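Enquirer: need a 3D model of the sequence below.
(one chain, ligands or ions: 1)
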Amino acid sequence: MSRVITVGAAQMGPIQKAESRSSTVERMLALMAKANDKGCDLIVFPELALTTFFPRWYTEDWGEIDAWFETSMPSNETQPLFTAAREYAMGFHLGYAELVEEDGATHRYNTAILVDKAGEIVAKYRKVHLPGHAEYDPKRKFQHLEKRYFEVGNLGFPVWRTMGGVMGMCICNDRRWPETYRVMGLQGVEMVVLGYNTPTVNSESDESPHLRMFHNHVTMQSGAYQNSTWVIGVAKAGAEDGHDLMGGSVIIAPTGEIVARCRTLGDELIVADCDLDACNFGKRTIFNFAAHRRVEAYGLITERTGAVPPPE
Ligand code: CDV
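Expert: Take a look at the predicted model:
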């Protein structure tokens, strides 16, 4: 027996600062219609899919910043995505900036949700690994202010039994950390969905675009292979107000192999039939965690954050 989820990775081209939410949602609806034509059960949108990648812009005006955040989900502008999900019986993954009042205080998170085929939110994740810096940094070629505008996600890396399998989420920089996948792997994850906004060049140093694309893929492919899970990585790509973001969105099998890859830097849909039972082989053999992991040797992973080399 096989358990196939037909997945559409919906890469999005650039969203300029001036583009409205409703115009962006129109583009997303066009991708959903295409995905429906191709029989998708699930469509995956990028990180912060509703707006430009605003953490590149420095401001001390929180009113200006809060305009990039959603205070409710669905909102008036995003409701059509939920309506389309119900109409097509197609789940979706959406990244957005979340502004929420919790425990009597205002919180801002870089968030993603999973919506099921009935158009209901069934899972929420808040980004744990926030890259960049909190204050204006004149030495950088451009700013990356996620540490200024977001708090570290407080929901951990849970998984959810939905869409006929065990689903997990992470967001952009999380994909570079083996801990991200392993925590979900230890909960039997079968498909990790994630979005990213990754500049083509490094804001702090010279690094070739080719190398940056290699790192984009090698980390997701390793996470997939080492935990025997599907990984769907979806970019926001192209030039946003002159700032280039890489594309390279991919669907990766539990073997670590890329089975579909975007070719453009625009709105582009790639589709693959993802058999969740393809996860079983790796989970039963080389990455049979119960048989082979040695937790007594892994203590430093959770005891220590930074590297401490031995004394000279
Ligand atoms: N949005 C991100 O998290 N971007 C980072 C960049 C700054 C390196 C990434 O890991 O792709």
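Enquirer: I figured His217 hits Glu257, correct?
Expert: No. The criterion here is Cβ atoms under 8 Å, and His217 misses it with Glu257 at 10.9 Å. Glycine gets a C-beta too; all of them are placed from N, C-alpha and C.
Enquirer: if you count surrounding residues, which of those two has more?
Expert: His217 (16 against 11; other Cβ atoms under 10 Å).
Enquirer: show me what counts as buried in the strand or helix carrying the more buried one.
Expert: Using DSSP states H and E, His217 maps to helix 209-227. Across helix 209-227, burial judged by 16 or more other Cβ atoms under 10 Å covers Arg212, Asn216, His217, Thr219, Met220, Gln221, Ser222, Gly223, Ala224, Tyr225, Gln226, Asn227.
Enquirer: for the fourth one, give its distance to Leu194.
Expert: Distance, Thr219 to Leu194, using Cβ to Cβ, to the nearest Å: 11 Å.
Enquirer: give me the common contacts of these two.
Expert: Counting by Cβ atoms under 8 Å, 6 or more residues apart in numbering, the common neighbours of Thr219 and Leu194 are Arg175.
Enquirer: so Leu94: helix, strand or coil?
Expert: The three-state assignment at Leu94 reads strand, by DSSP: H, G, I helix; E, B strand; the rest coil.
Enquirer: what pairs with it across the strands?
Expert: Here Leu94 sits in beta bridges with Ile113, going by DSSP bridges.
Enquirer: contacts only, for it.
Expert: When contacts are counted by Cβ under 8 Å, 6+ apart, Leu94 is found next to Phe45, Ala49, Leu50, Thr78, Leu81, Ala112, Ile113, Val115.
Enquirer: run a quick neighbour tally on Met167.
Expert: Neighbours of Met167 under the rule other Cβ under 10 Å: 28.
Enquirer: quick check, it in contact with Val193.
Expert: Yes. Look at Met167 against Val193 with Cβ under 8 Å: they come within range, at 6.9 Å.
Enquirer: any residues in contact with both of these two?
Expert: Common neighbours of Met167 and Val193 (criterion: Cβ under 8 Å, 6+ apart): Leu114.
Enquirer: quick one on the thing from earlier: closest one of the buried residues of helix 209-227 to Arg182?
Expert: Asn227 (6.5 Å; Cβ to Cβ).
Enquirer: wait, what's in contact with the closest residue in space to that closest one that isn't next to it in sequence?
Expert: Nearest non-adjacent residue to Asn227, counting by Cβ to Cβ, 6 or more residues apart in numbering: Gly185, 3.3 Å away. Counting by Cβ under 8 Å, 6+ apart, Gly185 touches Gln226, Asn227, Ser228, Thr229, Phe287, Phe289.
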